[in-house]
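A.B. asks: Just a sequence and a predicted model for now, questions to come.
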Amino acid sequence: MTDETAQRRFARFTWSDRLEHWIQVIAFTGLAITGLIQMWSESPVPRAIISGVGGINTTRFVHRSFSIVVLIAMAYHLGTAGYRFFVERIGKQMLPNSGDVRAAAHSFSYNLGFRRDRALEGKFTFSEKAEYWSIIWGTVLMAVTGLMMWNPIATTKFLPGEIIPAAKAAHGGEAILAVLAILVWHMYFVHIRRFNPSIFTGYLNEEEMSDEHPLQLAAIESGEDTITIPPEVLRRRRRVFFPAYAAIVLLGAAFILVFLTYQEIAITTVVPPDTGVEIYTPYVP
Amino acid sequence: MASGILVVLVSGGADRADAQSTSDWDNETCLACHGQPRSSMVLPSGDTLDIGIDEELWHNSIHADWDLQCILCHTEITAIPHDPLEVETAREYAIEKSGSCVVCHREQAVVDDSVHAQARAEGNDQAAVCSDCHDPHYATDPPMSHTAIPETCRTCHSEIYDRYAESVHGSALVDGNPDVPTCTDCHGVHEIAGPSRGEFHLFSPEICATCHADEELMEKYGINTDVFNTYVADFHGRTITLFQEITPDQDTNAPVCVSCHGVHGIQPADEAGSSVAKENLLATCQQCHPNAEDAFPDAWMSHYAASSNEWPIVYYVRWFYRILIPVVIGGMLIYVATDLVGRVRRRREQVA
């Protein structure tokens, strides 16, 4: 690395993106731990952790608390992603396209030695898009199945009862998939292959850029990367976007709140067994 | 155990004989008067106390077999004619005499945390003492047959007995089936715990599992032994199991077997009147989930494991992930491995 490249740095993540990532790190880890120990609660280590947390009811409470954090993070991300899509109109770069399939196939044959030239990718590589959309899909599925289990009374008002154990099966399966995907895919691409500091610092240097995002670097150099939106256009788009976003988030939050609290899920008192029987009733032959 | 009892007996008995000038009285002395089966006396309260002994039954009893002397227990008798009893009522006499049982049967008689001992400590004179269940003069060994147990408890708990007698367990017992549980199989005997205690609730599935997870026993009746495992695998059973392990002293209202199946009046699950029969299940769920509607009971898989016939959605969701997880993670691992290998190879080529 020369002094010249060290001086140039390229913005990749805003402070808001980095905050979202930290929230994801905490909530994902918290949910994975408090969830998996429930799935494998018959084994000694999960049992010890449940005990350390303070029992199964506390474990469930902590798990659900983390899930609220994720729901809020989802609502926030809907805002940041929506803003990029509808106001800044730069969201398209995150959508999967045929180029990603080509890049994946290209990289694969390059790695196997069938091709001598590497795949050149833009701001978001196919591996990053794959992970991003997996997280979106996984989070939505976990949220839906999790909420179904949270209030099975409300769920079975609209859906057949079997959906509850099915949701449990899907929630568990998706959890294992998500944890393993993070451990394999995410761990390899951003930690092992090369530690990518941009999610913490916000920036990549020139060497990292030309290695990972050569097309983006080229676009920056040629000036194609900078899009300027006229202020009046920006204002008009914002006037539409913000109310729509607020309405969607409020409706979603209201739905979830009503769904979870509209009716009592279960009584909190203890039902004595065999009610209505007198204990002392001497036998009269 | 029998020898243990005898050791206490010999030493205890000897002390007593020395302390009293009645050592030359043998049982025949007593039976000379008390051998009239129908004799009785009136206590100050007006209660009648039966003081007659049926000699034949006495001679067949375990205490006679051991050649126990009347005065070993009846220590209040020191003279003939006897001094008046210092009790007002027959009940008072029974409670006071249970003190005699302790001399030999310490282990069975000193159970302060039994529900009966506690009720008595709280001032309930009706709570059972030894002689309410075991007639001291006529008890045989073993003290009670399987079928005699519910009859004994019935003395005080007749309403519960009536429910039990109509249940799948009780009706079979009346027909002489030794496999079914009687009162003491679930409640214990002398250390009998109050069923309203949280701990009893928490550990009661273990009691049911004693028989219902026993393959050999259940095979005779064609009963599924997966009932316990499937319960433990689900939300309610998981809660109960974890409370047992981690916080056995805390109450939980998560249901146990009897919460849905009923307690004394338990019916076969496939019987129309059963609380877990399809048509009654919603009402049973509503005991704890008052807002539950028609589709809700199906959220519980009725002790079945998911298969293509039973609970197919659950079955196919599981299969979906059983295939998806290895395919996705396997694919990732293959790609990551080739990327790693490619990098190492290219670096070598560069160096070369």
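C.D. replies: Good, I have the coordinates.
A.B. asks: residues near the residue nearest to A:Phe13 when sequence neighbours are not counted, how many?
C.D. replies: Of all residues not flanking A:Phe13 in the chain, A:Gly202 sits nearest, at 5.0 Å (Cβ to Cβ, 6 or more residues apart in numbering or on different chains). Bear in mind the C-beta positions are built from the backbone N, C-alpha and C, glycine included. Using other Cβ atoms under 10 Å in any protein chain shown, A:Gly202 is surrounded by 16 other residues.
A.B. asks: tell me the contacts of A:Gly202?
C.D. replies: Residues in contact with A:Gly202, defined by Cβ atoms under 8 Å, 6 or more residues apart in numbering or on different chains, are A:11-15, A:17-18.
A.B. asks: so A:Val249 makes contact with A:Ile72?
C.D. replies: No: if you go by Cβ atoms under 8 Å, A:Val249 and A:Ile72 don't touch, sitting 9.7 Å apart.
A.B. asks: CA atoms only: put stretch A:49-56 into CSV for me.
C.D. replies: Extracted C-alpha coordinates of stretch A:49-56, given in CSV (Å, rounded to 0.1, in the frame of the first residue of the first chain):
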residue,chain,number,x,y,z
ILE,A,49,-28.1,-20.8,30.3
ILE,A,50,-31.9,-20.8,30.8
SER,A,51,-31.2,-21.2,34.4
GLY,A,52,-28.6,-18.4,34.3
VAL,A,53,-31.1,-16.1,32.6
GLY,A,54,-33.6,-16.8,35.4
GLY,A,55,-35.9,-19.5,34.1
ILE,A,56,-37.9,-20.2,31.0
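A.B. asks: Which residues outside it are in contact with it?
C.D. replies: A:33-34, A:37-38, A:41, A:59, A:62, B:238-239, B:242-243, B:245-247, B:250.
A.B. asks: Buried among these? Need that as a selection in PyMOL.
C.D. replies: Those of those that count as buried under 16 or more other Cβ atoms under 10 Å in any protein chain shown are selected in PyMOL with:
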select buried, (chain A and resi 33+34+37+38+41+59+62) or (chain B and resi 238+239+242+243+245+246+247)
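A.B. asks: in chain A, which spans are helices?
C.D. replies: Under the criterion DSSP state H, chain A contains helices at A:3-7, A:15-39, A:44-53, A:56-82, A:98-112, A:126-150, A:152-158, A:163-181, A:187, A:198-201, A:206-212, A:214-222, A:231-261.
A.B. asks: just the contacts of A:Gly202 now: which is nearest chain B?
C.D. replies: Nearest to chain B among the contacts of A:Gly202 is A:Arg12, at 21.2 Å by Cβ to the nearest Cβ.
A.B. asks: how about that closest one, phi and psi?
C.D. replies: The phi/psi pair for A:Arg12 (degrees, to the nearest 10) reads phi -120, psi -50.
A.B. asks: A:Phe200 versus that one, what's the distance?
C.D. replies: Distance, A:Arg12 to A:Phe200, by Cβ to Cβ, to the nearest Å: 11 Å.
A.B. asks: more crowded one of these two?
C.D. replies: In this view A:Arg12 and A:Phe200 are compared by other Cβ under 10 Å, and A:Arg12 has more residues nearby, 21 against 12.
A.B. asks: Now for the residue lying closest to that one once chain neighbours are set aside: which residues touch it?
C.D. replies: Spatial nearest neighbour of A:Arg12, excluding adjacent residues (Cβ to Cβ, 6+ apart): A:Ser198 at 4.2 Å. Residues near A:Ser198 by Cβ under 8 Å, 6+ apart: A:12-13, A:204, A:208.
A.B. asks: before we move on, what about B:Val129?
C.D. replies: Counting by Cβ under 8 Å, 6+ apart, the residues that B:Val129 touches are B:94-95, B:97-98, B:116, B:120.
A.B. asks: Local confidence estimate at the closest residue to A:Ser127 other than its chain neighbours?
C.D. replies: Nearest in space to A:Ser127, with sequence neighbours left out and distances taken as Cβ to Cβ, 6+ apart, is A:Phe189 at 5.3 Å. Predicted confidence (pLDDT) for A:Phe189: 93.
A.B. asks: now swap in B:Gly35 and tell me
C.D. replies: pLDDT at B:Gly35 comes out at 88.
A.B. asks: And for B:Pro297?
C.D. replies: B:Pro297 is assigned 95 on the pLDDT scale.
A.B. asks: Repeat that for B:Asp24.
C.D. replies: If you check B:Asp24, the pLDDT there is 70.
A.B. asks: show me the contacts for A:His21.
C.D. replies: A:13, A:199.
A.B. asks: and the two most separated of the contacts of B:Val129?
C.D. replies: The largest separation in the contacts of B:Val129, counting by Cβ to Cβ, is between B:Lys97 and B:His116 at 15.5 Å.
A.B. asks: how about whichever strand or helix holds B:Ala32: buried residues?
C.D. replies: Take DSSP states H and E as the rule and B:Ala32 turns out to sit in helix B:27-34. Across helix B:27-34, burial judged by 16+ other Cβ under 10 Å covers B:27, B:30, B:34.
A.B. asks: do you know how far the last one is from B:Leu49?
C.D. replies: For B:His34, the distance to B:Leu49 (Cβ to Cβ) stands at 12 Å.
A.B. asks: Check the first one too.
C.D. replies: Distance of B:Asn27 to B:Leu49, given as Cβ to Cβ: 20 Å.
A.B. asks: how far away is the nearest residue in space to B:Gln267 that is not next to it in sequence from B:Gly265?
C.D. replies: Excluding its sequence neighbours, the residue lying closest to B:Gln267 (Cβ to Cβ, 6+ apart) is B:Ser274, at 4.0 Å. Using Cβ to Cβ, one gets 10 Å for the distance from B:Ser274 to B:Gly265.
A.B. asks: Can you tell me which of the contacts of stretch A:49-56 is nearest B:Ile71?
C.D. replies: Closest approach between these and B:Ile71, by Cβ to Cβ: B:Gln250, at 50.7 Å.
A.B. asks: surely the closest one meets B:Gln244?
C.D. replies: No: the criterion here is Cβ under 8 Å, and B:Gln250 misses it with B:Gln244 at 10.4 Å.
A.B. asks: residues near the nearest residue to A:Arg238 once chain neighbours are set aside, how many?
C.D. replies: In space, and not counting its chain neighbours, A:Arg238 is closest to A:Val87: 5.8 Å by Cβ to Cβ, 6+ apart. Neighbourhood size, A:Val87 [other Cβ under 10 Å]: 21.
A.B. asks: got the contact list for A:Tyr283?
C.D. replies: B:154-156, B:158, B:161.
A.B. asks: how about a cut-off of 10 Å?
C.D. replies: B:151, B:153-159, B:161-162 (Cβ atoms under 10 Å, 6 or more residues apart in numbering or on different chains).
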